[in-house]
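Participant: 3D model of this:
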Amino acid sequence: MKQKYIKKNDAFTLLELVFVIVVLGILAALAMPRLERDHKQEAADNILSAIRYTQHLALIDDKHRFDDSDKDWQKALWQIRFTKNSGKVFYTIATNMDLNNNLDQNESAIDPQNGKYMHSGDAILDNDESPNIFLTKKYGIDDVTFNDCHGTQDSSAKHIAFDRLGRPHRGITNTSSTGGGGGAGNDYKTYINNKNCTITFSSPAFDSNLTIEIEQETGYAFIVGQEDS
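Facilitator: Residues are numbered from 1 along each chain as shown. Okay, the predicted model is just below:
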């Protein structure tokens, strides 16, 4: 009598099915966009890029007026100025070519991301202004503070400027006879060479304050806590 052999059908075991489900879940999680934004890191990257862009403009577009011995030529240095207006914080990147204390739109930089002005006068977004400069609207930042950088300059002027060598300056919005320690003029009293400059941003959306540090003399900027940024 011949013995009959019944062919068994191959199938996944329960363990194998569980393993496949787990792997698919991991892949799906990696493929899905992040649902929660890291406002603090986004703000840090934005501000750091803006400071470095300002320094870059200073390196490629020299504003040093060697033949202008009678004016406060340092006011024309490329600068990033932080402003708080009606509780809203924003920044402007510009060169004060007419040497007054106002940064006009036609003196401001163009945002390479969107081709719009990096300038605002009233913290309200207009069609020709870059949305990247509005720190309160984008990240919830409600205040910005500077340390005195020099130890003598007016700390109420929330700006940092760079010269043709990329070196940092503070106090360029003041005239040579005011500003609590010098101000813009035909010398280098505004040059930061004895103390790093730190800029601190606060927001209810942050777990702690965001601080950007700018090194004396070199103007190298980095996020505090992310020194390799």
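Participant: so what's Ala50 up against?
Facilitator: Residues near Ala50 by CB atoms under 8 Å, 6 or more residues apart in numbering: Ile80, Tyr91, Ile93, Met118, Asn132, Ile133. For the C-beta atoms, the positions are set from N, CA and C on the backbone; glycine is no exception.
Participant: My read is that the third one contacts His56, right?
Facilitator: Right, the one you point to is Ile93. No: using CB atoms under 8 Å, Ile93 is not in contact with His56, being 10.3 Å away.
Participant: So for these two, which residue has more residues nearby?
Facilitator: Between Ile93 and His56, Ile93 has the larger neighbour count (other CB atoms under 10 Å), namely 24 against 16.
Participant: Now for Gln74, how many residues are close by?
Facilitator: Residues near Gln74, counting by other CB under 10 Å: 30.
Participant: Please determine how far it is located from Ala123.
Facilitator: As for Gln74, its distance to Ala123 is 27 Å (criterion: CB to CB, to the nearest Å).
Participant: swap in Glu217?
Facilitator: 33 Å.
Participant: which of the two has more neighbours?
Facilitator: Ranked by neighbour count (other CB under 10 Å), Glu217 and Ala123 place Ala123 first, with 18 against 14.
Participant: Pull the contacting residues for that one.
Facilitator: Neighbours of Ala123 in contact, by CB under 8 Å, 6+ apart: Thr83, Asn85, Ser86, Lys88, Val89, Phe90, Phe134, Thr136.
Participant: Relative to the whole chain's centre, how far out is the helix or strand bottoming out on mean pLDDT in the chain?
Facilitator: In the chain, no helix or strand scores lower on mean pLDDT, DSSP states H and E than helix 14-31, which sits at a mean of 74. Computed by CA atoms, centre = their mean, to the nearest Å, the chain-centroid distance of helix 14-31 equals 40 Å.
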